[in-house]
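Q: Fold the following.
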Amino acid sequence: MKQRRHKAPGLPPGTLTAPAGAYVPKTIRVIHFTADAVEEIEVPSARDVARYRDKEGVTWINLDGLGNVEMIRELGELFGLHPLALEDALTVHQRPKVDDFENHLFIVLRMLHFEADVETEQVSIFLGPNFVFTFQEHPGDCLEPVRDRLRKGTGQLRRQGADYLVYAIMDAVIDNYFPFLERVGEVVENLENDVVADPSSRTLGRVHDIKRNLLDVRRAVWPLRDAINALLRDESPLVRKPTRPYLRDCYDHTVHVLDIVETYRELAGGLMEAYLSSVSNKMNEVMKVLTVIATIFIPLTFVAGIYGMNYKWMPELGWRWGYPAVLIFMFAVAITMLIIFHRKGWLRGRKED
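A: A predicted model of the protein is given here:
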């Protein structure tokens, strides 16, 4: 949130500006495939991609990094990508959405990365009649299984069109949320025990981290559900009828992710309440011990105060055994009160009725 991630205000629409600190790609990855063959290469410039524009089959063009604005502009001009869509692709705080342009669809997703903490990366997808563009913020993604299926020819990916490839990419991005949610489930289960047994500040910090991470995931998945629903609802010639059942499955996965996220958010909120309750109970235990000690010393202080007045005619002052007698009496009072407290269950918790 400290990094400047938006362009300067007041620029004309369609102005392409690289995000601050954006990774500068050196090559463009191109995968061209038909039902019988696949070609995978990396080219240094947008001009080398021009020969795939009218080539039979489907071309998947992937760019890892948004720092080379000139390269992105050339790719947009070669394939007729709308300048406003390219501008949104370079504005990396976009929420997931689907925009329908004249000759292509523009789709924005949030891809999840989780190591020590959770981060989401914007993935911009352009769907055309025979091409798919994916623009990512930096190298490294969860799409390698899709590439392996293309290389090996498994499944029906190479026999379908560009819209099915977009479905496969979206499905891979959504499925990547589930390993993170499984890890969150394990952490929440461990935190339930820690919150009750050891409600420390470290435990509270872990609960806050879980709530923040789940909020980031919710922000990424909630609008994605609406975006996929728009693909299903709106009639577009770029999304064929045979692909729509797969998109419905993608929509179901998104709803499933949201259900899990909401469940874990409620559990995390319950952990916060349990933490506060455990801290309060510990404080009550401490206060109970201090109250018992103070209560025992109240009569002892009273006796000591009486004999601390040193009046001349106090009969016990001249008694030879007065001092040990008072000590024995005070000790007996303390023991008697401890026995009473123990029988009432005040020293070990509340007494059973």
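Q: and V92, how many residues sit next to it?
A: 23 (other CB atoms under 10 Å). All C-beta spots, glycine's among them, are computed from the backbone N, C-alpha and C.
Q: Can you name the residues that contact it?
A: 5, 19, 66, 122, 137 (CB atoms under 8 Å, 6 or more residues apart in numbering).
Q: Next: M314.
A: When contacts are taken as CB under 8 Å, 6+ apart, M314 is in contact with Y307.
Q: is it true that T59 lies in a strand?
A: Yes - under the criterion used here (DSSP: H, G, I helix; E, B strand; the rest coil), T59 sits inside a strand.
Q: start at 440 instead
A: Yep, numbering from 440; the last one is T498 now.
Q: Could you give the bridge partners of it?
A: H471, F570 (DSSP bridges).
Q: Can you tell me how far Q575 is from I667?
A: 20 Å (CB to CB, to the nearest Å).
Q: Comparing the two, which residue is more hemmed in?
A: Between Q575 and I667, counted using other CB under 10 Å, I667 has the larger neighbour count: 25 against 22.
Q: May I ask you to confirm that D655 is in contact with F553?
A: No - with contacts counted by CB atoms under 8 Å, D655 stays clear of F553, the gap being 9.8 Å.
Q: and F572, that's in a helix?
A: No - using three-state DSSP, the assignment for F572 is strand, not a helix.
Q: how about it, what does it touch?
A: Contacts of F572 (CB under 8 Å, 6+ apart): 500-502, 514, 518, 520, 563-565.
Q: out of these, which is most surrounded?
A: Most surrounded of those: other CB under 10 Å gives F565, at 26 neighbours.
Q: Now the two most distant members of the contacts of V531.
A: R444 and L505 (10.9 Å; CB to CB).
Q: Going by neighbour count, which residues in the helix or strand harbouring L654 are buried?
A: Here L654 sits within helix 640-672, counting by DSSP states H and E. For helix 640-672, a neighbour-count test (16 or more other CB atoms under 10 Å) marks 642-643, 645-646, 649-650, 652-653, 655-657, 659-664, 666-670 as buried.
Q: got it, and stretch 775-785?
A: 776, 780, 785.
Q: Inside helices: which ones of the residues you listed?
A: The members of these that map onto helices under DSSP state H are 776, 780.
Q: now, which of the buried residues of stretch 775-785 sits nearest F736?
A: For those, the nearest to F736 is M776 (9.8 Å; CB to CB).
Q: now stretch 469-477: how far from the chain's centre is it?
A: Offset of stretch 469-477 from its chain centre (CA atoms, centre = their mean, to the nearest Å): 36 Å.
Q: Correction: the previous question concerned stretch 629-648.
A: On CA atoms, centre = their mean, the centre of stretch 629-648 falls 18 Å from that of its chain.
Q: right, and L756 touches G747 too?
A: No - distance between L756 and G747: 11.0 Å, which falls outside the contact criterion (CB under 8 Å).
Q: The two: which is more packed in?
A: L756 (13 against 8).
Q: Could you give the backbone dihedrals for the more buried one?
A: phi -70, psi -30 (degrees, to the nearest 10).
Q: which residue packs closest to it, ignoring adjacent ones?
A: N749 (7.2 Å; CB to CB, 6 or more residues apart in numbering).
Q: Sounds good, over and out.
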